[in-house]
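Enquirer: This is the structure alone, sequence omitted:
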C-alpha cells in the first residue's frame, strides 16, 4: 500500500474524528490493515504536527500540545516544542529524526524513539536562531534504512522591534 494513500487515510480519520463524524468502514479497514500487516517494513505515518509553548505532563490532556503557537508569529529567538503524533505499524521499532535545516544547512537534529502504536506522541524542543525559511525533514530510521516521512516548512521573522527599527531607519 502506498504511503501517500495511507497518509490520506490517516488524515481522513483525523478530520472525521475532529468533526465528530465516523469514518467509513473502508477507511478504518485500510488504516488497520496497514497498522497490523505492514510487518517490519512499514513507515510511521505523521498524523499531526504542532508547534507548542509546552506539553501537558499529567491529567486528562497528558502528552498533548499545550498552548499551540501560530506559525505566522514565529520570530528569531523563539524556543518551542515540535509536537508530533504518529501511527507506527505494530511490528515497527526505530527512531524518528527531526532535522533542523536553515538555508539548506543542517543546524541540528532531534531523535525520538518510536514503536508500534496507533497513537504515538512525542515532542522535541527546538530553538529558532535565524530569520528565514526553516525546513524540518522528519525521517524514520529502522536501523536498516532511513525513510522520509514528511517535511514541515516554517518561516521565521526578525523580532518586531528589529523590524520597526529597520523600517524607520533609526
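Expert: Yes, it's here. Predicted model only: the values in this text are computed from it and were never measured.
Enquirer: after the helix or strand of the chain with the lowest mean pLDDT, next one along is what?
Expert: Using mean pLDDT, DSSP states H and E, the weakest-scoring helix or strand in the chain turns out to be helix 3-19, at a mean of 53. For helix 3-19, the following helix or strand on the C-terminal side (DSSP states H and E) is helix 25-37.
Enquirer: Quick check: buried residues in stretch 47-58?
Expert: 47, 48, 49, 50, 51, 52, 55 (16 or more other C-beta atoms under 10 Å). Every C-beta, even on glycine, is put in place using the N, C-alpha and C of the backbone.
Enquirer: so of those residues, which ones are in strands?
Expert: 47, 48, 49, 50, 51, 52, 55 (DSSP state E).
Enquirer: Need these in JSON lines (columns: pLDDT and distance to residue 143).
Expert: JSON lines is the format used below for those (pLDDT from 0 to 100; distance: C-beta to C-beta, whole Å):
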{"residue": "47", "pLDDT": "97", "distance to residue 143": "23"}
{"residue": "48", "pLDDT": "97", "distance to residue 143": "26"}
{"residue": "49", "pLDDT": "98", "distance to residue 143": "24"}
{"residue": "50", "pLDDT": "98", "distance to residue 143": "28"}
{"residue": "51", "pLDDT": "98", "distance to residue 143": "29"}
{"residue": "52", "pLDDT": "98", "distance to residue 143": "29"}
{"residue": "55", "pLDDT": "97", "distance to residue 143": "27"}
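Enquirer: What is the nearest of those to residue 126?
Expert: residue 51 (8.6 Å; C-beta to C-beta).
Enquirer: ok, now which ones touch that closest one?
Expert: 68, 69, 71, 74, 80, 81, 82, 83, 154 (C-beta atoms under 8 Å, 6 or more residues apart in numbering).
Enquirer: Please give me every residue in contact with the second one.
Expert: When contacts are counted by C-beta under 8 Å, 6+ apart, residue 69 touches 51, 52, 53, 78, 80.
Enquirer: Dump those residues into a markdown table; add distance to residue 87 as well.
Expert: Putting these into a markdown table (distance: C-beta to C-beta, whole Å) gives the following:
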| residue | distance to residue 87 |
| --- | --- |
| 51 | 21 |
| 52 | 20 |
| 53 | 25 |
| 78 | 29 |
| 80 | 24 |
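Enquirer: quick one: which of those residues is nearest residue 112?
Expert: residue 52 (14.7 Å).
Enquirer: Bridge partners for the residue nearest to the closest one when sequence neighbours are not counted, pull those for me.
Expert: Nearest residue to residue 52 in three dimensions, chain neighbours excluded: residue 65, at 4.1 Å (C-beta to C-beta, 6 or more residues apart in numbering). Counting by DSSP bridges, residue 65 forms beta bridges with residue 55.
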